[in-house]
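[1] have a look at this fold, sequence not included:
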């Protein structure tokens, strides 16, 4: 019986081959990361030893990798040409030459790369091995390949949401006055792993309280929770390589009336963004809908980031839900809606949900209450 996931990798590589033939690229060069995993199922750590994959139409995939990683490519469901090197770095250039010679690329070939992923280490070795080759950005190619999630991918994302939400529920009893942000983050991480998250989570949990919660990307500190704090928890899980990314804000004992009002405004902005999401809607309209609620309430200057970003195999990927992005949303696209209001040196509130565009509208994958519950 054919492994459905194996068929998926072959189908994705076939789609890439069509793109190569119709868009003027001769090949695509990838190093370890989500796109390589998406196309092959192969996962490598970025380390001091280089790893690259060269994709060409109707040609076995060329892989250059360390000998110690060779077992990973011994039983793949698609043809490859593997070229391995040992522990002596002086041998790397020769193996790159050998591998890329097997690709038989013509002089002047245009090879697409991911500019946010390909390291200088691999690029320099590739340039030396293929001196008459043009290496150009293919960022849009990979965005379009990965932006539309199929049912298997969505099932993994739903599982990642379930793991994350259950982990927070199990962490809540710990949260009380005097507990530090780091202690909450550690407990939450433990429950994420125990609940089934892949070890490589999308990001370290953000746990920020009081003045720290006014920093959208705060790092947990030894600050102890105090009455009157807003407590922002931004966390996620990974399941089969696909992630969730959720934020909820809590009141420690009781927050002042303004922060209570702000929490209601942010919830309304979140609801407005979710309500307008659907096929054919430009990404910027979701941002505008959420931003208008906050602006009309008088807190526009305190909403300091975009309304959302794509999620899938990465915590931040296309589509980006921001002003100026006219990309029409299509079924299978997944992203966050996460408006926030941040009062410097006081408190902040953010509410973040995970959305998938459907044929007729959108579906929210996250289900935890959005009201500012009390802890402590």
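    The structure has been received and is ready for your questions. Fair warning: this is a prediction, and the values are worked out from it, not measured in the lab.
[2] rest of the way, CA atoms for contacts and neighbours
    Will do.
[3] helices along the protein, start to end?
    Along the chain, counting by DSSP state H, helices occupy 4-23, 34-40, 92-103, 120-129, 139-147, 151-171, 181-194, 257-276, 283-296.
[4] mean pLDDT lowest for which of those helices?
    Lowest mean pLDDT within the helices of the chain: helix 4-23, a mean of 87.
[5] quick one: contacts of it?
    For helix 4-23, contacts defined as Cα atoms under 8 Å, 6 or more residues apart in numbering pick out 26-27, 38-41, 56-58, 77-78, 141, 145.
[6] next, the buried residues of that helix.
    Judged by neighbour count (16 or more other Cα atoms under 10 Å), helix 4-23 contains these buried residues: 8, 9, 10, 13, 16, 17, 19, 20.
[7] coming back round to it: save the contacts of helix 4-23 as TSV, and put in neighbour count too.
    As requested, these are arranged in TSV below (neighbours: other Cα atoms under 10 Å):
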residue	neighbour count
26	22
27	23
38	19
39	20
40	22
41	16
56	23
57	19
58	10
77	15
78	14
141	17
145	17
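[8] and those residues as CSV, adding distance to residue 215?
    As requested, those are arranged in CSV below (distance: Cα to Cα, whole Å):
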residue, distance to residue 215
26, 44
27, 42
38, 33
39, 36
40, 38
41, 36
56, 45
57, 47
58, 49
77, 46
78, 47
141, 34
145, 33
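[9] ok, those vs residue 309, which is closest?
    Closest approach to residue 309 among those (Cα to Cα): residue 145, at 16.6 Å.
[10] roughly how far apart are that closest one and residue 314?
    Distance of residue 145 to residue 314, given as Cα to Cα, to the nearest Å: 14 Å.
[11] so which of the helices of the chain comes closest to residue 371?
    helix 257-276 (7.2 Å).
[12] next, the buried residues of the closest one.
    Across helix 257-276, burial judged by 16+ other Cα under 10 Å covers 259-260, 262-276.
[13] repeat that for stretch 135-155.
    Using 16+ other Cα under 10 Å as the test for burial, stretch 135-155 gives 135, 138, 141, 142, 145, 146, 147, 148, 149, 153, 154.
[14] tell me how far it lies from the chain's centre.
    Centre-to-centre, stretch 135-155 and its host chain are 12 Å apart (Cα atoms, centre = their mean, to the nearest Å).
[15] now swap in stretch 52-63 and tell me
    That offset, for stretch 52-63, works out to 25 Å (Cα atoms, centre = their mean).
[16] what sits up against that stretch?
    With Cα under 8 Å, 6+ apart as the test, stretch 52-63 has contacts from 16-18, 20-21, 26-32, 36, 51, 64-65, 78-83, 99-100, 102-103, 122.
[17] now stretch 257-264
    With Cα under 8 Å, 6+ apart, stretch 257-264 has contacts from 230, 341, 347, 349, 350, 371, 372.
[18] residue 342 is in contact with the fourth one, correct?
    Yes. Taking contacts as Cα atoms under 8 Å, residue 349 lies within contact range of residue 342: 6.4 Å.
[19] which one of those two is surrounded by more residues?
    Between residue 349 and residue 342, residue 349 has the larger neighbour count (other Cα atoms under 10 Å), namely 32 against 22.
[20] just grab the bridge partners of the more buried one for me.
    Under the criterion DSSP bridges, residue 349 forms beta bridges with residue 341.
[21] residues touching it, list them.
    By Cα under 8 Å, 6+ apart, the contact list for residue 349 reads 213, 214, 230, 232, 249, 262, 263, 266, 340, 341, 342.
[22] for the residue lying closest to the fifth one once chain neighbours are set aside, give its distance to residue 212.
    The reference is to residue 249. Counting by Cα to Cα, 6 or more residues apart in numbering, residue 249 lies nearest to residue 232, which is 4.4 Å off, once chain neighbours are set aside. From residue 232 across to residue 212, the span is 9 Å (Cα to Cα).
[23] overlap in contacts, those two.
    Counting by Cα under 8 Å, 6+ apart, the shared contacts of residue 232 and residue 212 are residue 348.
[24] ok so, going back, of the helices of the chain, which is nearest residue 355?
    Smallest distance to residue 355 across the helices of the chain (Cα to Cα): 7.5 Å, for helix 257-276.
[25] and the residue nearest to residue 158 when sequence neighbours are not counted, how many neighbours?
    Using Cα to Cα, 6+ apart and skipping residues adjacent in sequence, the residue nearest residue 158 is residue 365, 6.4 Å away. Residues near residue 365, counting by other Cα under 10 Å, number 20.
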